[in-house]
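[1] Attaching a predicted model along with its sequence, questions to come.
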Amino acid sequence: MPLLRATNNPRRLNEIRVRVIDDPNINAANAGGGEFQVTTGLLAKANDEHLRGVLAHEIAHDDLGHVARAQTLGTGLNIGVILLEQLFPGSSAVTPIAGALIANSYSRSEELEADRHGVEILRRAGYSKEVMIDTLTWLLQTSGGDSGGGFLSTHPGIEDRIDALRKLA
C-alpha cells in the first residue's frame, strides 16, 4: 500500500476500512477515521491510474483531518443556529442558507488542499502529479462535461482544480 505509507500520518493496515457501495455512479469518499468508500461504478469504470488518483485524493482528506474539521464546523453551525433563534426569533428560517454557504466554501478550499496533498502523496509513492491531473480530466470527460462548481457546490470546478495542479512545481 504505497499511498498509505506516503502520508504524513501513516495508518496501520488494520486501521483502514474500505467499503464498496453498490452504486453505478463514479464516486468515492472519506468517512473519517481511516474509513473509505468507493462505488461499484468507480471500480467498474476506472483504470488503475484513475483509481490511484481518486484514492490519493481521499487519503489526503484523511491525512489532513478534513472530516474531523467538517464535523466540528457542522456542530458549531448548529449551535450558532440555536443561539440566533434564541436572540432573534424566526431567524432559523434564514440561517440554514448562511450555514450552507459557510460550510460549502470551507469544503471547496479543502478539496483544493486535498488535491495538492494527494499529489504530494503520489510523488512520495513514486508517481507524478500527472496521475491526479489525468484522473480529474477523466472525471470531467466521464461526467459529460459537468465541471462541478456552482453556487452551492461543495467541490470547485474540475477545470479549476486541473489548472491549480498544473501550476504546482
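    Okay, I see it.

[2] can we go C-alpha only for contacts and neighbour counts from here?
    Noted.

[3] my read: T39 touches A29, true?
    No. Between T39 and A29 there is no contact under CA atoms under 8 Å: 9.1 Å.

[4] where does this protein dip in pLDDT?
    1, 68-106, 144-155 (pLDDT under 70).

[5] where do the strands sit along it?
    In the chain, the strands defined using DSSP state E lie at 17-21, 28-32, 35-39.

[6] closest one to V131 among those strands?
    strand 28-32 (16.5 Å; CA to CA).

[7] Strand 35-39 and the closest one, what's the angle between them?
    On the basis of axes from the mean of the first three to the mean of the last three CA atoms, to 10 degrees, strand 28-32 is oriented at 160 degrees to strand 35-39.

[8] show me what contacts Q37?
    18-21, 28-31 (CA atoms under 8 Å, 6 or more residues apart in numbering).

[9] Next one: it from R19, what distance?
    Distance of Q37 to R19, given as CA to CA, to the nearest Å: 5 Å.

[10] just G65 next, same as before
    From G65 to R19 the distance is 19 Å (CA to CA).

[11] if we can go back for a sec, mind putting the strands of the chain in TSV, distance to E120 included?
    Listed next are those as TSV, based on distance: least, CA to CA, whole Å:
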stretch	distance to E120
strand 17-21	22
strand 28-32	18
strand 35-39	19
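
[12] Could you measure from the residue lying closest to R161 once chain neighbours are set aside over to A31?
    Here the nearest residue to R161 in space, its sequence neighbours aside, is L112; by CA to CA, 6 or more residues apart in numbering that works out to 6.6 Å. Separation of L112 from A31 (CA to CA) stands at 18 Å.

[13] Also L55?
    L55 is 13 Å from A31, by CA to CA.

[14] more neighbours, the two?
    Counted by other CA atoms under 10 Å, L55 and A31 do not tie: L55 has more neighbours, with 23 against 18.

[15] looking at it, L140 is touching G157, isn't it?
    No. Between L140 and G157 there is no contact under CA under 8 Å: 9.3 Å.
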